[in-house]
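>>> Test case, fold it:
(chains A, B, C and D)
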There are 2 protein chains.
Amino acid sequence: MPSVHDVITRKLCEHSKLDDEDMAALAALPFTARQLRANEEFVRQGDKPVVSALVLDGWVARYHTLPGGKRQYLSFHMTGDMPDAQTLFIERMDHAVCGLGQTEVAFVPHEEILKLFERRPSVGFAIWRETLLDAAIFREAVTSNGSRTVLARLAHLFCELYYRGRVAGLTKPGSYRIPIHQGQIGEALGMSIVTVNRTLQELRRTNAMDFRNGVLTVRDWKKLTEVGEFDSAYLHLKRPSRL
Amino acid sequence: MPSVHDVITRKLCEHSKLDDEDMAALAALPFTARQLRANEEFVRQGDKPVVSALVLDGWVARYHTLPGGKRQYLSFHMTGDMPDAQTLFIERMDHAVCGLGQTEVAFVPHEEILKLFERRPSVGFAIWRETLLDAAIFREAVTSNGSRTVLARLAHLFCELYYRGRVAGLTKPGSYRIPIHQGQIGEALGMSIVTVNRTLQELRRTNAMDFRNGVLTVRDWKKLTEVGEFDSAYLHLKRPSRL
DNA sequence: CGGAATGTTGATATGCCTCAACTAAAGTGG
DNA sequence: CCACTTTAGTTGAGGCATATCAACATTCCG
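Residues are numbered from 1 along each chain as shown, chains lettered A, B, ... in the order given. Prediction:
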C-alpha cells in the first residue's frame, strides 16, 4: 500500500505544481491513519472537526440528511481525495461523511496544515484548488439532477468516477471497483431505486457499460460519454493517456 | 452608492475576521468598474480570465450551457459576491457568468490579489472561505434538485436569497428585489416554466411569500422556511438580528 | 447454513412536462 | 405619446416518465 506521503503528493500533482521543498513539507505532516468500521460515519453534520481526512484506501461519501431521515449523497471520494478539506475554514459541518464498505483514512490536524501554509504557500494553493475542484463537481451534480435524463445522469456519474479514478491511476483497464449500492446511486441522483435498476439495465443493453456487484465495466467509453453528456473539462485534471 | 472598498470588506467580514491592515490592503486593490449591458454574459464557458469580478450593484448568475443550448443556472449573486473568485486557481471556466438586468461589477486583476495573499494571508483565507461558502450553496442545490418537491425547491431558493440579502443588508423590511424571470427559476431548479408559475401561485396561496415583477415579498418567514426545509446553517453566516 | 441486505420484476398511480392558446407588461419606433 | 412588437406571465388539456407498492430472487455475511 502506498504511503500517506505518496497518496497526497500524487493527488495534488494531478492539478498543481509543487517543488521538492513543498513535497518534503507535505511528507513531514503528522497524521493518524485509521481503518474505519464498515460504512462508518466519521464526520457528522454539526461537527466542528479539528482534523481533515485523506482517503488512503477505499471510498467515502458525503451526504445531507433530510428531515425524513433519507440521505442525499453529494459526492463520492476515492484514494487521494480530501473530502473535508473545507473544514480548515468552515468551522461547522453542514453535511456528513462516511466510508463505503471497508475504508482507510488518514487524519491530519488542521493546525499543522495551517502552519504549513505559512511556510509553503503553494501547498495552500494546491489544497485550495482541491476544494475548488470539489465545487466544480458539485456544480455538475446540480446540472445532472436539474437537467439530465435518468439515463444521462447515471452515465455521467460513472463517467466522472471512472475518469477521476483513471487520472489517479486507480482503475484496472476498462474496469473500476466502485462499492456503492443501487439505493445510494438513487439517493445521489434523485431517482428511485427501481428506476436506478431499470436504467442500469438499459445502459447494459446499449453496451456502453455494465455495473454489477460494485464493479464498473466500461465497454464503450465514447458511447458512454455521449449518453452521459460527459465533458471532462470541468474536472480540470490532466487528461489520462488512454481511456 | 457604496465604494468598492466598502462592498468587499463588508462582505468578507460577514464570515471572516480581518484587521485594519487587511482592510487597508484590500482598499488599495486596483480595479476597473463597469456597467454591464443588460443581461451581458461577461465571463464565458472556456474563458481563461485574468481578473475576478465583484458585484457592485445588481445581480449576476452562473450557468452551464447544455448541449441543446438550454441553460442550467447554478447560482445567483448579489452585491458583494465574488462569483468567479475560483478563477484565481482554476484556469479555465467550466461555466459562464452573466448580469441579470442592469448590473455593475468591478474587475480586479488576479496578480494583484495573489500579491496581496503574500502580504496578508488572512485576506487569502477570507476569499478562500468565500469560495467554500459557494460550494456549500452548490451542495444545497444538489439536494434541492435531487430530493425536494417543486414547492420546497422554490421556497428554499427564495429563503436562501432573502437570507443572504438580509445578512448583506440589501433587503427592505420583508421584501427584496430579485430580478429573475420564471423561466430562469425553472432553469435553476429543474422545472418547467409552467410548473414554476403554478407553484408560485401555490406559495402565494399559503400566504408564506409572494414573488411578482422581480420583487420577493416574505409574508411569513417561519412558514416559508418550513415549506422550503430551509436551515440557514449551511450558509455559515452571522445570523441577522431579525427576519 | 440461515438471516439480512440488495437486486429484480410487474402493476398501478401521479406529478410534472409538453403543447397550445391567450393575457399582460415592457420595450421600441414613428 | 401612442401604436406596435416582443417578452413574460397565465391557464387548460393530455400524455408520459418516474415514483410507489408489492412480491420475489439473489447475494452477502456472520
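>>> so for the longest helix anywhere in chain A, what's the average pLDDT?
In chain A, assigned by DSSP state H, the helix with the most residues is helix A:121-147. Across helix A:121-147, pLDDT averages out at 97.
>>> And the next helix or strand past it?
helix A:150-167 (DSSP states H and E).
>>> and A:Arg212, how many neighbours?
Residues near A:Arg212, counting by other C-beta atoms under 10 Å in any protein chain shown, number 9. Any C-beta I mention is one placed from the backbone N, CA and C, and that applies to glycine too.
>>> So it versus DNA strand C, what's the distance?
7 Å (C-beta to the nearest atom of the strand, to the nearest Å).
>>> measure that residue to DNA strand D for me?
To DNA strand D, A:Arg212 is 9 Å away according to C-beta to the nearest atom of the strand.
>>> Next, give phi and psi for that residue.
phi -150, psi 130 (degrees, to the nearest 10).
>>> Repeat that for A:Met93.
Residue torsions, per degrees, to the nearest 10, at A:Met93 are phi -70, psi 130.
>>> ok, and the closest non-adjacent residue to the residue most central in space within chain A?
In chain A, the residue lying closest to the centroid (C-alpha atoms, centre = their mean) is A:His77, at 2.3 Å. Leaving aside its chain neighbours, A:His77 sits nearest to A:Pro83 (4.4 Å; criterion: C-beta to C-beta, 6 or more residues apart in numbering or on different chains).
>>> Assign the one you found to helix, strand or coil.
coil (DSSP: H, G, I helix; E, B strand; the rest coil).
>>> what's around it, how many residues?
Using other C-beta under 10 Å, A:Pro83 has 26 neighbouring residues.
>>> That one against A:Ser75, yeah?
Yes - using C-beta atoms under 8 Å, A:Pro83 makes contact with A:Ser75 at a distance of 7.5 Å.
>>> still on that earlier bit, please report the distance of the residue nearest to the centre of chain A from B:Ala96.
Counting by C-beta to C-beta, to the nearest Å, the separation of A:His77 from B:Ala96 is 28 Å.
>>> what do you get for A:His64?
A:His64 sits at a distance of 27 Å from B:Ala96 (criterion: C-beta to C-beta).
>>> A:Leu29 now?
Distance of A:Leu29 to B:Ala96, computed by C-beta to C-beta: 38 Å.
>>> Could you report the pLDDT at the residue lying closest to A:Asp231 once chain neighbours are set aside?
Spatial nearest neighbour of A:Asp231, excluding adjacent residues (C-beta to C-beta, 6+ apart): A:Thr225 at 7.7 Å. If you check A:Thr225, the pLDDT there is 97.
>>> So which other helices or strands are in contact with the helix or strand containing A:Thr225?
Using DSSP H and E, A:Thr225 sits in helix A:221-227. With contacts taken as 3 or more C-beta pairs under 8 Å, 6 or more residues apart in numbering or on different chains; DSSP states H and E, helix A:221-227 sits against helix A:150-167.
>>> how far does the helix it packs on sit from the chain's center?
Averaging C-alpha positions (C-alpha atoms, centre = their mean, to the nearest Å) puts helix A:150-167 11 Å from its chain's average.
>>> Look up how far A:Leu100 lies from the closest residue to A:Leu203 other than its chain neighbours.
Spatial nearest neighbour of A:Leu203, chain neighbours left out: A:Met209 (5.6 Å); criterion: C-beta to C-beta, 6+ apart. Distance of A:Met209 to A:Leu100, computed by C-beta to C-beta: 19 Å.
>>> A:Trp59 now?
Taking C-beta to C-beta as the measure, A:Trp59 and A:Leu100 are separated by 4 Å.
>>> Kindly report the same for A:Lys238.
Look at A:Lys238 and A:Leu100: by C-beta to C-beta, they are 26 Å apart.
>>> again with A:Tyr163
The gap separating A:Tyr163 from A:Leu100 is 19 Å, by C-beta to C-beta.
>>> pretty sure A:Tyr234 belongs to a helix, no?
Yes - under three-state DSSP, A:Tyr234 sits within a helix.
>>> which ones are touching it?
Neighbouring residues of A:Tyr234 by C-beta atoms under 8 Å, 6 or more residues apart in numbering or on different chains: A:136-137, A:139-140, B:94.
>>> what two of these are the furthest from one another?
Spatially, the most separated pair among these is A:Ile137 and B:Asp94, at 10.2 Å (C-beta to C-beta).
>>> how about the residues of chain A near DNA strand C?
With C-beta under 7 Å from any atom of the strand as the criterion, chain A meets DNA strand C at residues A:181-183, A:193-194, A:197-198, A:200-201, A:212, A:214.
>>> In those, which residue is surrounded by the most others?
Tallying neighbours with other C-beta under 10 Å puts A:Leu200 at the head of these, with 19 neighbours.
>>> That one touches A:Ile180, doesn't it?
No - with contact defined as C-beta under 8 Å, A:Leu200 does not reach A:Ile180; the gap is 11.8 Å.
>>> To which secondary structure element type does A:Val55 belong?
Look at A:Val55: counting by three-state DSSP, its state is strand.
>>> so what are the domain limits for chain A?
Using automatic domain parsing, the domain ranges for chain A come out as A:4-141, A:150-235.
>>> Turn those domains into JSON lines, columns for distance to B:Leu132.
JSON lines is the format used below for the domains of chain A (distance: least, C-beta to C-beta, whole Å):
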{"stretch": "domain A:4-141", "distance to B:Leu132": "5"}
{"stretch": "domain A:150-235", "distance to B:Leu132": "18"}
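>>> what stretches of chain A score poorly on pLDDT?
The model of chain A has pLDDT under 70 over residues A:1-2, A:242.
>>> which bits of it sit near DNA strand D?
A:38, A:101, A:149-150, A:190-192, A:194-195, A:213.
>>> for A:His156, what are its contacts?
So A:His156 contacts A:140, A:144, A:148, A:228-230 (C-beta under 8 Å, 6+ apart).
>>> ah, wrong one, I meant A:Thr87
Taking C-beta under 8 Å, 6+ apart, one finds A:43, A:49, A:52, A:93, A:110 in contact with A:Thr87.
>>> how would you label it: helix, strand or coil?
From three-state DSSP, the assignment for A:Thr87 is helix.
>>> repeat for A:Tyr73
Here A:Tyr73 takes the strand state, with states given by three-state DSSP.
>>> What distance do you get for it to DNA strand D?
As judged by C-beta to the nearest atom of the strand, A:Tyr73 and DNA strand D stand 14 Å apart.
>>> And stretch A:205-222, what's buried?
Buried residues in stretch A:205-222, defined by neighbour count with 16 or more other C-beta atoms under 10 Å in any protein chain shown: A:208-211, A:216, A:218, A:221.
>>> ok, and what's touching that stretch?
Identification of contacts with stretch A:205-222 by C-beta under 8 Å, 6+ apart yields A:101, A:155, A:158, A:161-162, A:174-180, A:200, A:203-204, A:223-224, A:227, A:243.
>>> Arrange the buried residues of stretch A:205-222 in a markdown table, one row each, with secondary structure as further columns.
What follows is the buried residues of stretch A:205-222, written out as a markdown table (three-state DSSP):
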| residue | secondary structure |
| --- | --- |
| A:Ala208 | coil |
| A:Met209 | strand |
| A:Asp210 | strand |
| A:Phe211 | strand |
| A:Leu216 | strand |
| A:Val218 | strand |
| A:Trp221 | helix |
